[in-house]
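Enquirer: Pasted the sequence and its predicted model underneath.
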Amino acid sequence: MTNVSEYAIIKTSGSQFKAVAGETLRVDKIIGDPGAEVTFPNVLLIASGEKVEVGKPFVSGAKVVGQIVRHGKGKKIRMYRFKKKKGYQRTVGHRSNYTYVKVTSVSRG
């Protein structure tokens, strides 16, 4: 992994992601068409070289801007429930929806 000079830690959909300009993130589904611009205002930490700024809880004025690349689905997860000697068995499946976002800029504000 290369040494990245500027990055931010953002919070979206209950998860935290490291956002670096030019890289693509896979986040939970965001409403919007491919090519649309999306802004993440909840920046927990922003670092530029040796300077690191940590928010309490968010860094004021900082934001990360990205562009929706595409929507997709994750791998299917199967859960199997079984109770011995009772004749009980259930199979349940789940497949999460994701959005791929290309980070265009990380700004301190």
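Expert: Nice, thanks for sending it over.
Enquirer: Tell me the secondary structure at the residue of the chain positioned farthest from its centre.
Expert: The centre of the chain is farthest from one residue, residue 85, which by CA atoms, centre = their mean lies 43.3 Å away. At residue 85, secondary structure determined by DSSP: H, G, I helix; E, B strand; the rest coil is coil.
Enquirer: which residues sit against the helix or strand of the chain with the lowest mean pLDDT?
Expert: Least confident helix or strand of the chain, by mean pLDDT, DSSP states H and E, is strand 51-54 with a mean of 90. With contacts defined as CB atoms under 8 Å, 6 or more residues apart in numbering, strand 51-54 is touched by 44-47, 59, 62, 108. No exception for glycine: its C-beta is placed from N, CA and C like everyone else's.
Enquirer: Just the C-alphas of the helix or strand that that strand is followed by, formatted as CSV.
Expert: For strand 51-54, the succeeding helix or strand toward the C-terminus, using DSSP states H and E, is strand 63-73. What follows is strand 63-73, C-alpha atoms only, in CSV (Å, rounded to 0.1, in the frame of the first residue of the first chain):
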residue,chain,number,x,y,z
LYS,A,63,-16.7,17.0,3.5
VAL,A,64,-16.0,14.2,1.0
VAL,A,65,-17.5,14.5,-2.5
GLY,A,66,-17.9,11.5,-4.7
GLN,A,67,-19.6,10.2,-7.9
ILE,A,68,-21.8,7.2,-8.1
VAL,A,69,-20.2,4.6,-10.4
ARG,A,70,-22.7,1.8,-10.3
HIS,A,71,-25.1,-0.2,-8.1
GLY,A,72,-24.7,-3.9,-7.4
LYS,A,73,-25.6,-6.8,-5.2
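Enquirer: residues contacting the most centrally placed residue in the chain?
Expert: Geometric centre of the chain, nearest residue: residue 27, 3.4 Å, by CA atoms, centre = their mean. By CB under 8 Å, 6+ apart, residue 27 lies in contact with 12-13, 15, 17, 98-99, 101.
Enquirer: where does the chain dip in pLDDT?
Expert: 1-4 (pLDDT under 70).
Enquirer: Name the nearest residue to residue 89, ignoring sequence neighbours.
Expert: Distances taken as CB to CB, 6 or more residues apart in numbering place residue 82 nearest to residue 89, at 4.9 Å, with adjacent residues excluded.
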